[in-house]
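Peer 1: The sequence isn't on hand, but the structure is:
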């Protein structure tokens with residue numbers, strides 16, 4: 001549809017919820033603990049909402065990791081979703097995986113795939129296999145040109161090499177070794193239908209490169225971080241926000257991931273989601289204090305509302321968007 005140019009016409013997100021008959025969004029039940037192990041990465045992607053790169057210095061220390069392990073010891077069976085940056089570049093990554101694996105169901109990692117090819121990191125893929133870690137790899141397209149444009153030169157070829165190594169270990173082939181990929185648009189538009197994109201990915205990657213994977217997750221680009229900078233530099237921020245707001249889907253809003261997820265940053269501060277973490281919007285408890293991992297039980301018990309904003313339209317537009325793909329059929 002034609003995009004309006006006036007950003008003042010983007011409705012307040014909370015008002016949009018109320019218009020749709022949704023009074024507010026809150027944490028219904030904690031099922032996923034998403035842990036950001038740091039913002040260091042061997043890539044510098046143009047869409048990255050956390051501004052990760054090789055110079056990243058926000059690295060989760062072992063004492064914060066231990067606090068997470070202690071919480072999980074009292075709440076076993078939660079899904080633990082490791083992210084970054086590139087989580088594997090945390091010096092204590094092995095410690096975290098080995099200690100969390102017995103407590104999590106499942107333990108997942110979000111990787112750019114190519115990090116496992118870095119010098120000295122050949123142990124990463126076997127560590128995944130040995131601890132049955134669900135691997136979620138970023139691959140924004142099945143063509144070399146589009147991937148390299150967004151993620152850097154030669155990233156696509158390196159990604160294919162990394163996936164082949166994972167396939168050789170059983171990932172994408174054996175039932176208990178899940179390899180899922182993530183697609184995000186190469187610009188200011190919404191993802192296409194997830195099911196169709198998954199079929200396209202599987203056909204193209206298998207026929208041309210002989211690699212296999214289990215699922216494809218589609219994610220909408222969030223208008224924050226480097227992607228917001230790109231939009232602003234090209235006069236596209238207003239129109240992109242209009243696109244998201246115009247495609248607001250109440251059904252997606254009923255299923256957003258912040259209803260069942262809490263995000264932890266490198267310091268142990270808690271957030272409703274990874275986007276709020278990137279924006280510096282921690283969960284605030286009833287006593288006015290920012291929540292930390294040692295007070296996660298308070299977050300669960302106090303029925304704290306989710307902090308929302310214009311960026312929330314990225315999760316509720318079209319088929320919806322979450323860390324495990326679209327939210328509605």
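Peer 2: Structure's in. What do you need? These numbers were taken from a predicted model, which means no experiment stands behind them.
Peer 1: so how far is the first residue of stretch 38-46 from its last?
Peer 2: End-to-end distance of stretch 38-46 (CA to CA, to the nearest Å): 18 Å.
Peer 1: hang on, isn't residue 161 packed against residue 125?
Peer 2: No - at 11.3 Å, residue 161 and residue 125 do not qualify as touching, with contact defined as CB atoms under 8 Å. Placement of C-beta: from N, CA and C, glycine included.
Peer 1: Comparing those two, which residue is more hemmed in?
Peer 2: residue 125 (22 against 15; other CB atoms under 10 Å).
Peer 1: ok, residue 213 touching residue 181?
Peer 2: Yes - assessed by CB under 8 Å, residue 213 is found in contact with residue 181 at 5.2 Å.
Peer 1: Report the set of residues contacting both of the two.
Peer 2: Both residue 213 and residue 181 are in contact with 137, 201, where contact means CB atoms under 8 Å, 6 or more residues apart in numbering.
Peer 1: Do a quick rundown of the helices in the stretch 151-300 of the chain.
Peer 2: Under the criterion DSSP state H, counting those that start in this stretch, helices of the stretch 151-300 of the chain are mapped to 155-168, 194-209, 225-233, 237-246, 250-253, 274-278, 296-302.
Peer 1: ditto for the stretch 1-150 of the chain
Peer 2: Ranges of helices in the stretch 1-150 of the chain, per DSSP H, counting those that start in this stretch, are 13-19, 62-74, 93-100, 124-130, 144-151.
Peer 1: List the buried residues of stretch 131-143.
Peer 2: Across stretch 131-143, burial judged by 16 or more other CB atoms under 10 Å covers 131, 133, 134, 135, 136, 137, 138, 139, 140, 141, 142.
Peer 1: and residue 256, which of the helices of the stretch 1-150 of the chain is closest to it?
Peer 2: helix 13-19 (10.4 Å; CB to CB).
Peer 1: Quick check: mean pLDDT of that closest one?
Peer 2: If you average the pLDDT over helix 13-19, you get 95.
Peer 1: what's that helix packed up against?
Peer 2: Contacts defined by 3 or more CB pairs under 8 Å, 6 or more residues apart in numbering; DSSP states H and E place helix 13-19 against no helix or strand at all.
Peer 1: Might you quantify the distance of it from its chain's geometric centre?
Peer 2: In this view, helix 13-19 has its centroid 24 Å away from the chain centroid, taken as CA atoms, centre = their mean, to the nearest Å.
Peer 1: Give me the contact list for that helix.
Peer 2: By CB under 8 Å, 6+ apart, helix 13-19 touches 11, 23, 24, 25, 245, 248, 253, 308, 309, 310, 312, 313.
Peer 1: Just want to check the distance between the first one and residue 188.
Peer 2: As defined by CB to CB, to the nearest Å, residue 11 lies at a distance of 19 Å from residue 188.
Peer 1: can you check the second one too?
Peer 2: Applying CB to CB, the value for residue 23 to residue 188 is 31 Å.
Peer 1: Compare those two and say which one has the larger neighbour count.
Peer 2: Neighbours per residue, other CB under 10 Å: of residue 23 and residue 188, the larger number sits with residue 188, 19 against 9.
Peer 1: ok, now which ones touch the nearest residue to the more buried one once chain neighbours are set aside?
Peer 2: Leaving aside its sequence neighbours, residue 188 sits nearest to residue 240 (CB to CB, 6 or more residues apart in numbering; 4.4 Å). Residue 240 makes contact with 188, 223, 231 under the criterion CB under 8 Å, 6+ apart.
Peer 1: Can you redo the residues you listed as JSON lines, where the extra columns are pLDDT and distance to residue 324?
Peer 2: Shown next, in JSON lines, are the contacts of residue 240 (pLDDT from 0 to 100; distance: CB to CB, whole Å):
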{"residue": "188", "pLDDT": "95", "distance to residue 324": "23"}
{"residue": "223", "pLDDT": "95", "distance to residue 324": "21"}
{"residue": "231", "pLDDT": "95", "distance to residue 324": "25"}
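Peer 1: which one among the residues you listed gets closest to residue 278?
Peer 2: For these, the nearest to residue 278 is residue 223 (11.2 Å; CB to CB).
Peer 1: What about the closest one, how many residues nearby?
Peer 2: Neighbours around residue 223, by other CB under 10 Å: 23.
Peer 1: do residue 31 as well
Peer 2: Applying other CB under 10 Å, we find 14 residues neighbouring residue 31.
Peer 1: Tell me where the model's unsure across this protein.
Peer 2: 1-8 (pLDDT under 70).
Peer 1: Touching stretch 309-322 from outside, list them.
Peer 2: Under the criterion CB under 8 Å, 6+ apart, residues 10, 13, 16, 190-191, 193-194, 218-224, 241, 243-245, 247-253, 255-257, 273, 275, 279, 281, 326-329 lie in contact with stretch 309-322.
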